[in-house]
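Student: sequence below, structure please.
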Amino acid sequence: MQVQKVSFTSSETPQKPKKESALYRKEGYMNLLRASQFTEGLLGGYAVLETIDKFQLIKNKRNLPAKTLKQIAWKHTKYNLLGGVATGVLSALIGKYFTDKYTIPLNEKISDWADKQNRINAKAKELIEAEDNLNKEKTESNKKSE
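Tutor: Residues are numbered from 1 along each chain as shown. Predicted coordinates for the structure are as follows:
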């Protein structure tokens, strides 16, 4: 049995830079936002339509046999799914053309304000540390002079 020599040093070939995630770019964020708006509209629209239909079906058609009632309910469910898809598309379109027009610029401004505040806090921390170091030096020099 032969043992091969293993080298643990890195190779000389340059490594590829890691690709930034699509989620951290504006396009990726907007795609995620559209998908979530569509999903919320779809599920919300379907739930509302399904609830209304089932309530009306139970209220108005109590005397039908179970098999017929089930067929009618399935027919209504198909239409409710189509209605849910329509509300999902409508929700995404409303989000794209109306809601984002006002919320995205506001979010960008808030992000800029937060970045500016972080820079101010970092600078203030540096100044406080410098002042503390200066005070320590003064007290040490006073002790030495005594």
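Student: can you tell me how far residue 93 is from residue 121?
Tutor: In this structure, residue 93 lies at 41 Å from residue 121, with C-beta to C-beta, to the nearest Å as the measure. Placement of C-beta: from N, CA and C, glycine included.
Student: and the two? which has more neighbours close in?
Tutor: Between residue 93 and residue 121, residue 93 has the larger neighbour count (other C-beta atoms under 10 Å), namely 14 against 10.
Student: for that one, which three-state class applies?
Tutor: Reduced to three states with DSSP: H, G, I helix; E, B strand; the rest coil, the structure at residue 93 is helix.
Student: one more: residue 63?
Tutor: Assigned state for residue 63: coil (three-state reduction, three-state DSSP).
Student: which stretches in the chain count as helices?
Tutor: Secondary structure of the chain by DSSP state H: the helices cover 26-60, 66-94, 100-145.
Student: export those as CSV, with columns for mean pLDDT and distance to residue 5.
Tutor: Putting these into CSV (pLDDT from 0 to 100; distance: least, C-beta to C-beta, whole Å) gives the following:
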stretch, mean pLDDT, distance to residue 5
helix 26-60, 89, 45
helix 66-94, 90, 59
helix 100-145, 87, 49
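Student: tabulate those helices (JSON lines), appending distance to residue 3.
Tutor: Converted to JSON lines, the helices of the chain look like this (distance: least, C-beta to C-beta, whole Å):
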{"stretch": "helix 26-60", "distance to residue 3": "48"}
{"stretch": "helix 66-94", "distance to residue 3": "61"}
{"stretch": "helix 100-145", "distance to residue 3": "53"}
